[in-house]
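[1] The amino acid sequence is not available; the structure is as follows:
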């Protein structure tokens, strides 16, 4: 039998997960995205995305960082070529 404090923690974690769009905001992380031709190293740091692909180097954005913005939605601050904008709510 689980201790009652553990049961309360599990219940709280479920509630937090359901409310993740308003409770969780990522400030920085590193990720890997499997592209069509190779894997890409992506970083996020306080609203600034970086990717190791040529497109991001040339344009300041790319399909890889846009993918993560869509997946994470309201959990990250979106950025359009150096200009921060509110996160999109649609998929």
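    It's in. Keep in mind that this is a model prediction, so the values were computed, not measured.

[2] Quick one: residues contacting the residue positioned nearest the centre of the chain.
    When C-alpha atoms, centre = their mean is applied to the chain, the residue found nearest the centroid is residue 72 (3.9 Å). Counting by C-beta atoms under 8 Å, 6 or more residues apart in numbering, residue 72 touches residue 26. (Each C-beta comes from the backbone N, C-alpha and C, glycine too.)

[3] Read off the pLDDT value for it.
    In this prediction, residue 72 carries a pLDDT score of 88.

[4] do the same with residue 34
    At residue 34, the model reports a pLDDT of 96.

[5] Okay, and the residue nearest to the centre of the chain sits in which element?
    For residue 72, the host element (DSSP states H and E) is helix 63-72.

[6] Could you give the separation of that helix from the chain centroid?
    Relative to its parent chain, helix 63-72 has a centroid offset of 7 Å by C-alpha atoms, centre = their mean, to the nearest Å.

[7] How about stretch 31-45?
    That offset, for stretch 31-45, works out to 12 Å (C-alpha atoms, centre = their mean).

[8] Pull out the buried residues from it.
    Residues of stretch 31-45 classed as buried by neighbour count (16 or more other C-beta atoms under 10 Å): 31, 33, 40, 42, 44.

[9] Name the nearest residue to residue 30, ignoring sequence neighbours.
    residue 43 (5.1 Å; C-beta to C-beta, 6 or more residues apart in numbering).

[10] ok, now residue 56?
    Per C-beta to C-beta, 6+ apart, closest to residue 56 is residue 62, 4.0 Å.

[11] and the one you found, how many neighbours does it have?
    Using other C-beta atoms under 10 Å, residue 62 has 22 other residues around it.

[12] who's in contact with it?
    51, 53, 55-56.

[13] which residues of this structure score low on pLDDT?
    2, 78-91 (pLDDT under 70).

[14] ok, now with 50
    Counting by pLDDT under 50, the ranges of the chain that qualify are 85, 88-91.

[15] Mind jotting down where the helices sit in it?
    4-18, 20-23, 54-59, 63-72 (DSSP state H).

[16] Can you name the residues in contact with stretch 44-52?
    26-31, 40-43, 56, 61-62, 64-65, 68-69, 76-79, 84.
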